[in-house]
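**Q** need the 3D shape of this:
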Amino acid sequence: MLKHSMHVFLGIVLLLSLAAIVSPPIHAIASVKPHAVIIPCTEPDATCENQDPITSGCADLTVGGAKMANAGAIAVGPASNPVVIARVYNWYSAACGTNWTQAEVTSAYSSLKIRIDIYRGNSQPVYCYPDDCHSFTTLNSGVQTWTNMALASQVFAYAEIVVLSPTDNLYHSATVAA
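**A** Below you'll find the model as predicted:
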């Protein structure tokens with residue numbers, strides 16, 4: 001019985017030793033990066049046009065090469081003490097050749113009625129949120145939303161947010177170019 005237990009023990013030690021030689025340490029696994037990550041909408045015969053930037057992978061800072069091209073804000077109130085109520089961001093993905101608009105309501109209000117648009121060139125909005133480009137949606141403070149992407153690697157793209165301000169019941173907008 002002792003002889004059998006010794007063989008089992010030596011077998012386990014041998015397996016653990018081999019595993020230590022073959023397997024990298026745990027801290028090294030976290031730093032390993034894949035050689036190539038494929039973004040489906042960049043494959044031949046595919047398009048990133050009208051795709052969601054998050055689910056497509058284009059919004060990923062590393063894989064999609066996403067960067068904030070520009071940012072703006074809507075402020076209301078007196079010029080001496082304006083209050084920023086919403087922010088708009090124009091994002092660009094180098095890997096996907098696309099732009100999209102992202103927006104957020106600041107903590108100045110718990111929610112606001114907003115619409116966001118992405119433009120390509122001097123056209124009408126290409127994509128909006130809400131999708132019809134005319135209506136507004138309520139966006140809560142701290143929540144971000146975005147439009148689908150517009151192919152814009154060779155043309156001027158700009159993002160717009162329109163907000164119905166509860167302080168003066170007027171529409172305010174901010175536009176930022178890429």
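
**Q** just the mean pLDDT for stretch 94-111, thanks.
**A** Mean pLDDT, stretch 94-111: 92.

**Q** just checking the distance from that stretch to the centre of its chain.
**A** With C-alpha atoms, centre = their mean, to the nearest Å as the basis, stretch 94-111 stands 8 Å off its chain's centre.

**Q** centre-most residue in this protein?
**A** Centroid-nearest residue in the chain, with C-alpha atoms, centre = their mean: residue 59, separated by 4.1 Å.

**Q** ok, and the closest non-adjacent residue to that residue?
**A** Sequence neighbours aside, residue 53 is the residue nearest to residue 59 in space, at 4.0 Å (criterion: C-beta to C-beta, 6 or more residues apart in numbering). C-betas here are computed from N, CA, C, even on glycine.

**Q** and what of residue 85?
**A** Closest to residue 85 by C-beta to C-beta, 6+ apart is residue 108, at 5.0 Å.

**Q** tell me how many other residues crowd that neighbour.
**A** Counted with other C-beta atoms under 10 Å, the neighbours of residue 108 add up to 16.

**Q** against residue 90, how distant is the residue nearest to residue 59?
**A** 12 Å (C-beta to C-beta, to the nearest Å).

**Q** what's the spacing between the nearest residue to residue 107 once chain neighbours are set aside and residue 165?
**A** In space, and not counting its chain neighbours, residue 107 is closest to residue 141: 5.2 Å by C-beta to C-beta, 6+ apart. Distance check for residue 141 against residue 165: by C-beta to C-beta, it reads 14 Å.

**Q** many thanks, I have nothing further to ask.
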